[in-house]
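1. my questions concern the predicted model and sequence given below.
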Amino acid sequence: MSTQIKKIGVMTSGGDAPGMNAAIRAVVRTGLSYGMEVVGIKNGFKGLLAGDIIPFKSSNVSDIIQRGGTILQTARCKEFMEREYQERGADMCRVFGIEGLVVIGGDGSFQGAEKLANLGINTIGIPGTIDLDIACTRYTIGFDTAVNTAMDAINKILDTSSSHSRCSIVEVMGRHAGYIALWCGIATGAEIVLIPEEDRRTNDDIIKSIVENRNRGKKHFLIVVAEGVGNCQELAQAIEHITGIESRVSVLGHLQRGGAPTALDRMHASLMGIYAVDLLAQGKAKRIVGYDNGQYVDYDINEALQMKKDINELRLRAVQILSIK
Ligand code: ADP
Ligand code: F6P
């Protein structure tokens, strides 16, 4: 297949996610298969501004599909919010002859990609974030690994929580998104899941629900809280004080962002990487790759960023219905 584009770049940006390496590998090898030159931009937009750009051969991406993190490293770059730095970024792409740019990251990174696209750089976004909070796609690379990591950790906490008849409050990642919390909560039988997208329930509501569950014979309790909701310690103290049930807080933190990607993450990352470079080879740009109804799809970057995502009502109901003894 012939292509107009001779040189492409790939970067990872924002929070890292397991599977980003698999996506880099796919972008590099697909680009090379088209006869394109492929370069890696280190540390996201920060590395672009610094010209921290390395050439890629196929062998440079050997042995990385199974590794968490990102070999290109990632960063958050505040300056890139400003027009002056976005123009510098676009100029840097031109200086290095980068005709197509693949940005693997979350919605923040796509805002940066959109700015570059509006300045004439052919950009394609691949959704890579453990948060699953990108509206135009049903899947984001890293989510499955993160949920399974969190679920395994919660299973261990449940062992000790049930031995001691305690209430365990587990904080999972998600400053603005409750998907990890909701999925883990359903998968581990949590009585309560607190997510930033929902109106905050009062401590009294939560305690009432725990007492009702205790009256039905439950001896230990699990509350999964998304990071963005906060106040886990305060909640634990209130539960212990009012009900007498010993309560403990565990914050899972960054362990959820690491580890070998699951097969699902490797698969989506590999296929989205190919899809992204195919788009560039077809002369398309300003697109975000998504996954919907079993198919890979793409959207205009400006339109994709306007889309809104709702939390699935059935999943919210599932927490309440399925944890009742
Ligand atoms: P994620 O991509 O995981 O959502 P962030 O929200 O931290 O992570 O965004 C990553 C980077 O994307 C930021 O550090 C910044 O460089 C860039 N970025 C975010 N928002 C914008 C914006 N509105 N305009 C330009 N660049 C942005
Ligand atoms: O966006 C991914 C994410 O892991 C969120 O779930 C979390 O709130 C945030 O990044 C944490 O960011 P940092 O690594 O900067 O603490």
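-> Nice, I can see it. Ligands and ions are numbered 1, 2, ... in the order given.

2. which bits of the stretch 151-300 of the chain sit near ligand 2?
-> When proximity is defined as CB under 6 Å from any ligand atom, the stretch 151-300 of the chain approaches ligand 2 at M173, G174, R175, E227, R257. Any C-beta I mention is one placed from the backbone N, CA and C, and that applies to glycine too.

3. what's the closest non-adjacent residue to the third one?
-> Looking back up the chat, that one is R175. G228 (4.4 Å; CB to CB, 6 or more residues apart in numbering).

4. residues near the one you found, how many?
-> 17 (other CB atoms under 10 Å).

5. again, but for E240
-> 15.

6. not counting its neighbours along the chain, what's nearest it?
-> Leaving out its chain neighbours, the residue that sits closest to E240 by CB to CB, 6+ apart is S247, at 4.6 Å.

7. same question, G31
-> Spatial nearest neighbour of G31, excluding adjacent residues (CB to CB, 6+ apart): V38 at 4.0 Å.

8. next, the contact list for the one you found, please.
-> V38 is in contact with K7, I8, G9, V10, V27, V28, G31, L32, P55, F56, counting by CB atoms under 8 Å, 6 or more residues apart in numbering.

9. 7 Å instead?
-> Neighbouring residues of V38 by CB atoms under 7 Å, 6 or more residues apart in numbering: I8, V10, V28, G31, L32, F56.

10. test my guess that A90 contacts L116.
-> Yes. Proximity of A90 to L116 meets the contact threshold set by CB atoms under 7 Å, at 5.6 Å.

11. looking at those two, which one has more neighbours?
-> L116 (24 against 21).

12. the more buried one contacts G125, doesn't it?
-> No. The pair formed by L116 and G125 falls short of the contact definition of CB under 7 Å, at 10.5 Å.

13. what's the first helix or strand after the one helix or strand L305 maps to?
-> Following DSSP states H and E, one finds L305 within helix 301-306. Per DSSP H and E, the first helix or strand lying C-terminal to helix 301-306 is helix 313-322.

14. what does that following helix rub up against?
-> The contact list for helix 313-322 (CB under 7 Å, 6+ apart) reads L182, G185, I186, G189, A190, V193.

15. if we go to 6 Å?
-> Residues outside helix 313-322 that contact it (CB atoms under 6 Å, 6 or more residues apart in numbering): L182, G185, I186, V193.

16. in helices, which of those appear?
-> Judged by DSSP state H, helices contain the following of these: L182, G185, I186.

17. before we move on, the earlier item: and the strand or helix carrying the residue nearest to G31, which strands flank it?
-> Using DSSP H and E, V38 sits within strand 37-41. With DSSP bridges as the test, strand 37-41 is paired with strand 7-12 (parallel), strand 53-55 (antiparallel).

18. most tightly surrounded among the ones you listed?
-> Comparing the strands paired with strand 37-41 by mean neighbour count (mean count of other CB atoms under 10 Å), strand 7-12 comes out on top with a mean of 27.

19. counting by contacts, list what the helix or strand just after that one packs against.
-> Next helix or strand after strand 7-12 toward the C-terminus (DSSP H and E): helix 20-33. Helix 20-33 sits against strand 7-12, strand 37-41, strand 100-105, helix 263-281, with contacts defined as 3 or more CB pairs under 6 Å, 6 or more residues apart in numbering; DSSP states H and E.
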